[in-house]
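>>> The sequence and its predicted three-dimensional model are supplied below.
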Amino acid sequence: MLDIDFVRAQFPAFAEPSLQGQAFFENAGGSYTCAPVIDRLTRFYRERKVQPYAPYKASTLAGEEMDEARLRLARLLGVETDEVSFGPSTTQNTYVLAQAFRSFLSPGEAIVVTNQDHEANTGPWRRLAEAGIEVREWQLDPVTGQLDPQDLAALLDENVRLVCFPHCSNVVGAINPVAEITALAHAAGAFVCVDGVSYAPHGLPDVGAMGPDMYLFSSYKTYGPHQGIMVLRRALGETLPNQGHYFNADSLYKRFTPAGPDHAQVAACAGIADYVDLLAGHHGTDSAGVHDLMRGHEVTLLQPLLDMLSARNDVGLIGPTQAAERAPTVAVDLRRAAEPVAAELARHGIMAGGGDFYAVRALKAMGIDPQQGVLRLSFVHYTTEDEIAQLMRALEEVL
């Protein structure tokens, strides 16, 4: 069992007087930051805010801490150290990759995208049509919101060079079988890009075991600073055209980061690994065990909320009704404007959001007006049973 008191003790937000009595259910937009990250960021700005990798001590320590972040995150993700790189955001990282593929692919070749994605992992890829690349859409089921791998199989042929899809949709919540889909795409000769932004907060995945060529997520949603973290496997990374400075072409982790890194935030990302290690040590497990502890706690808390929403006939629950099949990112079709309802929930101490959440294509495909949007209730492993009860009471009153 996850020791929820120990978990919450690692997050200063829960001791912040201004946040007392408020339950945080907008974690899909960005999580609270854990203390190890805050401590590292503060130390860097106080002691090491210099150009890194020079021979004097402050600079050497700054560079070592940046390298540490890459090394330890790579271990957690099951990949090689230089297969991990940082950028200002996942959206920006995806854009840079798309530009590399624009030069790499030839007119007449094809890519597959979905309409289940956040726009960050579909818009940049769709723009490759401007270069003569065929864009095929793997469409979600308009009733369930889910993707069927058999539908993808029908789109694959010898012309498809790339398949892009989310590990988990930020409005549907369903967890897509990454390993299965990756194997299907690889068998057809295609590379795979997975948007992990909405899954990684619920336990960093073993990317190496799942097998995609690219896996992207955001550290500010995994208890860290505002950075985009990108796994780019060596075989593809050394094949795609360099997007960085020409003299960095031989460095895999620099090839797709054309802008200079945010030194302090990169270094602070090592705090994410510190946090995972703290949980592992306290619970007598390893990083894989921490992932399972997080998911187990979330599933237990999520099911009553899903049952409550499923039983109502005045709202529509988007995505699976079984907690084990989804992340605790719950979008609700209110059949009216969502933002005013989120504002009403705020008066009950519930921090949640309403809108389209950059999933405009997914909402349209499910027959939901993006202008009205959906109410999104998202939590992670530091949420408590009492907060779920507070949310459900507020929903009963507001709805």
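Sure, I can see it.

>>> alpha carbons only for contacts and neighbour counts from here, please
Will do.

>>> for residue 37, helix, strand, or coil?
Under DSSP: H, G, I helix; E, B strand; the rest coil, residue 37 falls in the helix class.

>>> show me what contacts it?
223-225, 268-272 (CA atoms under 8 Å, 6 or more residues apart in numbering).

>>> repeat that with 6 Å
By CA atoms under 6 Å, 6 or more residues apart in numbering, the contact list for residue 37 reads 224, 268, 271.

>>> Okay, and which of those residues map to strands?
Per DSSP state E, strands hold no members of the contacts of residue 37.

>>> Quick check: chain neighbours aside, which residue is closest to residue 334?
Using CA to CA, 6 or more residues apart in numbering and skipping the chain neighbours, the partner closest in space to residue 334 is residue 315 (4.9 Å).

>>> Wait, that neighbour touches residue 331, no?
No: using CA atoms under 6 Å, residue 315 makes no contact with residue 331, being 10.4 Å away.

>>> Report pLDDT for residue 259.
pLDDT for residue 259: 84.

>>> quick revisit: return the closest of the contacts of residue 37 with respect to residue 327.
residue 224 (19.4 Å; CA to CA).

>>> is it true that that closest one touches residue 31?
No: in this structure, residue 224 is not within contact of residue 31 by CA under 6 Å, at 8.0 Å.

>>> per-domain residue ranges of this structure.
Listed by automatic domain parsing, the domain ranges of the chain are 4-32+286-398, 42-273.

>>> Nearest to residue 279 among the ones you listed would be which one?
domain 4-32+286-398 (6.6 Å).

>>> Start and end of that closest one, how far apart?
Distance between the two ends of domain 4-32+286-398: 28 Å, counting by CA to CA, to the nearest Å.

>>> Please work out how many residues are found near residue 11.
Residue 11 has 20 neighbouring residues, counting by other CA atoms under 10 Å.

>>> Now do the SS call for residue 111.
strand.

>>> So that it lines up with my notes, have the first residue be 5 from now on.
Let's use 5 as the start, then, which means that last one is residue 115.

>>> Next, the contact list for it, please.
By CA under 6 Å, 6+ apart, the contact set of residue 115 is 139, 164-167.

>>> Columns neighbour count on top of those, output as JSON lines?
Listed next are the contacts of residue 115 as JSON lines, based on neighbours: other CA atoms under 10 Å:
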{"residue": "139", "neighbour count": "19"}
{"residue": "164", "neighbour count": "22"}
{"residue": "165", "neighbour count": "21"}
{"residue": "166", "neighbour count": "24"}
{"residue": "167", "neighbour count": "27"}
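
>>> and for residue 319 and residue 335, which residues touch both?
Contacts common to residue 319 and residue 335, judged by CA under 6 Å, 6+ apart, are absent.

>>> Who has more neighbours out of those two?
residue 335 (24 against 15).

>>> And the helices in the stretch 55-204 of the chain?
Taking DSSP state H, counting those that start in this stretch as the test, the helices found in the stretch 55-204 of the chain are 61-81, 94-108, 127-130, 153-159, 182-191.

>>> CA atoms of the first one as CSV?
Listed next in CSV are the C-alpha coordinates belonging to helix 61-81 (Å, rounded to 0.1, in the frame of the first residue of the first chain):
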residue,chain,number,x,y,z
LYS,A,61,34.1,24.5,-9.2
ALA,A,62,30.7,26.2,-9.5
SER,A,63,30.6,25.6,-13.3
THR,A,64,31.8,22.0,-12.9
LEU,A,65,29.1,21.2,-10.3
ALA,A,66,26.5,22.8,-12.6
GLY,A,67,27.5,20.6,-15.5
GLU,A,68,27.7,17.5,-13.3
GLU,A,69,24.2,18.0,-12.0
MET,A,70,22.8,18.5,-15.5
ASP,A,71,24.5,15.2,-16.5
GLU,A,72,23.1,13.5,-13.4
ALA,A,73,19.6,14.4,-14.4
ARG,A,74,20.0,12.8,-17.9
LEU,A,75,21.7,9.7,-16.5
ARG,A,76,19.2,9.0,-13.7
LEU,A,77,16.1,9.7,-15.8
ALA,A,78,17.5,7.4,-18.6
ARG,A,79,17.8,4.6,-16.0
LEU,A,80,14.2,5.1,-14.9
LEU,A,81,13.0,5.0,-18.5
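
>>> Show me the contact partners of that helix.
In contact with helix 61-81 (CA under 6 Å, 6+ apart) are residues 52, 54, 56-58, 84-85, 209-211, 270-271, 273-274.

>>> Which members of the residues you listed are classed as buried?
With neighbours counted using 16 or more other CA atoms under 10 Å, these contain these buried positions: 52, 54, 56, 84-85, 209-211, 270-271, 273-274.

>>> Switch the contacts of helix 61-81 over to a markdown table; also include distance to residue 46 and pLDDT.
A markdown table is the format used below for the contacts of helix 61-81 (distance: CA to CA, whole Å; pLDDT from 0 to 100):
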| residue | distance to residue 46 | pLDDT |
| --- | --- | --- |
| 52 | 10 | 97 |
| 54 | 14 | 97 |
| 56 | 16 | 97 |
| 57 | 19 | 97 |
| 58 | 21 | 98 |
| 84 | 28 | 98 |
| 85 | 25 | 98 |
| 209 | 28 | 97 |
| 210 | 30 | 98 |
| 211 | 30 | 98 |
| 270 | 13 | 98 |
| 271 | 11 | 98 |
| 273 | 12 | 98 |
| 274 | 13 | 98 |
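
>>> and the residues you listed as CSV, adding distance to residue 301?
Output for the contacts of helix 61-81, formatted as CSV (distance: CA to CA, whole Å):
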residue, distance to residue 301
52, 38
54, 41
56, 40
57, 41
58, 45
84, 30
85, 30
209, 17
210, 19
211, 22
270, 29
271, 29
273, 24
274, 24
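
>>> before we move on, what SS does the closest residue to residue 198 other than its chain neighbours have?
Leaving aside its chain neighbours, residue 198 sits nearest to residue 219 (4.8 Å; criterion: CA to CA, 6+ apart). Classification of residue 219 by three-state DSSP places it in strand.

>>> burial count for the nearest residue to residue 224 once chain neighbours are set aside?
With sequence-adjacent residues excluded and distances taken as CA to CA, 6+ apart, residue 224 is closest to residue 230, at 4.6 Å. Other residues within reach of residue 230, judged by other CA under 10 Å, total 21.
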